[in-house]
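Asker: Please find the sequence and the predicted model below.
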Amino acid sequence: MAEFVKKRVLITVRTYPVPAQKGVEVSCTAGVTDDGKWIRLFPLPYRLLEDANKFAKYQWITVNVSRAKNDARPESYNPQVDQIEVGKTLSTERDWWARWDILRPLLSKSLCDLQDERDVTGHPTLGLIKPQIERLVIEPCSANWTAKQQEALRQTSMFYKAPTTELEKIPFDFSYEFRCGKLFCTGHKMICTDWEMGESYRQWRHKYGDKWESMFRQRYETEMIDKLDTHFYVGNLHQRPNAWIVIGLFYPPHQKMRDLFA
């Protein structure tokens, strides 16, 4: 029987949902524990949670977790999602100071350094980096779920409420090309699965019609490069541990005072 422990977690990452291999749908959810450690909570079918158990990004939650059964990544835990207790949300005041106070000690030198360390020690498999973004790449992909994925999405679960709407497939892959700050870095191209990007596409496609891409690029390319102090939350894949993706965006405004105390 799994041994559960109670952890207090600041949620920093939630990816756009995908059909689950076991269950209905899941989102990769990650955060930082109150003792300053990365943690990955999986599976976590956010849209299927009861309202009392739902949380926002940068909100503290308390949850019982056990070490992941089928995932050797050291940060991975299985949560008891029906017992999530939500707490305080950290504000964006003073240029996101409260959020930076938690995240600054976890900032890695570069993606290359993270990858090298994981290859040697097996961890970390989560990180926060400062990229030198070159461009956002938008590439078409399948507009429909496979038959197996649709079957998963349309099944019922005795553990969760049924979703009010079926999960929409995003017919594009959003990726960033960037350099990570490592000397002689040859560059990276990584898909970004942040929930916010998926929701922006869904809303702006209806709001702006054929002009959605220009608005999308204004937000996630121009502003992320020129106006904001953009960082990437990154993580490797369970089944392909050498493959890393951008699982979330952290984009406080540029802050001169923070740089003085860094």
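Answerer: Received it, and whenever you're ready, just let me know what you need. Predicted, not measured: the structure shown is a model, and the values here were computed from it.

Asker: Ends of stretch 14-26, what's the gap?
Answerer: With Cα to Cα, to the nearest Å as the measure, the ends of stretch 14-26 fall 10 Å from one another.

Asker: got the contact list for that stretch?
Answerer: 27-29, 42-48, 57, 145, 148-150, 152-153, 155, 157, 160, 163, 167, 170, 193-195, 197-199, 247-248 (Cβ atoms under 8 Å, 6 or more residues apart in numbering). From N, CA and C alone the C-beta is placed, and that goes for glycine too.

Asker: now stretch 110-121
Answerer: Identification of contacts with stretch 110-121 by Cβ under 8 Å, 6+ apart yields 108, 123-125, 127, 129, 131, 180-182, 185, 188, 232, 234, 236, 241-242, 244.

Asker: tell me the mean pLDDT over it?
Answerer: Average pLDDT, stretch 110-121: 94.

Asker: In this structure Ser157 contacts Leu49, no?
Answerer: No. Between Ser157 and Leu49 there is no contact under Cβ atoms under 8 Å: 11.7 Å.

Asker: now the strands for the stretch 51-200 of the chain?
Answerer: 59-67, 76-79, 85-89, 126-129, 132-140, 172-179, 188-191 (DSSP state E, counting those that start in this stretch).

Asker: CSV please, covering those and showing mean pLDDT.
Answerer: Shown next, in CSV, are these (pLDDT from 0 to 100):
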stretch, mean pLDDT
strand 59-67, 97
strand 76-79, 96
strand 85-89, 98
strand 126-129, 98
strand 132-140, 98
strand 172-179, 98
strand 188-191, 98
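
Asker: Let me have these in CSV, extended by mean neighbour count and distance to Arg217.
Answerer: Shown next, in CSV, are the strands of the stretch 51-200 of the chain (neighbours: other Cβ atoms under 10 Å; distance: least, Cβ to Cβ, whole Å):
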stretch, mean neighbour count, distance to Arg217
strand 59-67, 18, 29
strand 76-79, 22, 34
strand 85-89, 13, 29
strand 126-129, 24, 22
strand 132-140, 14, 6
strand 172-179, 19, 10
strand 188-191, 18, 16
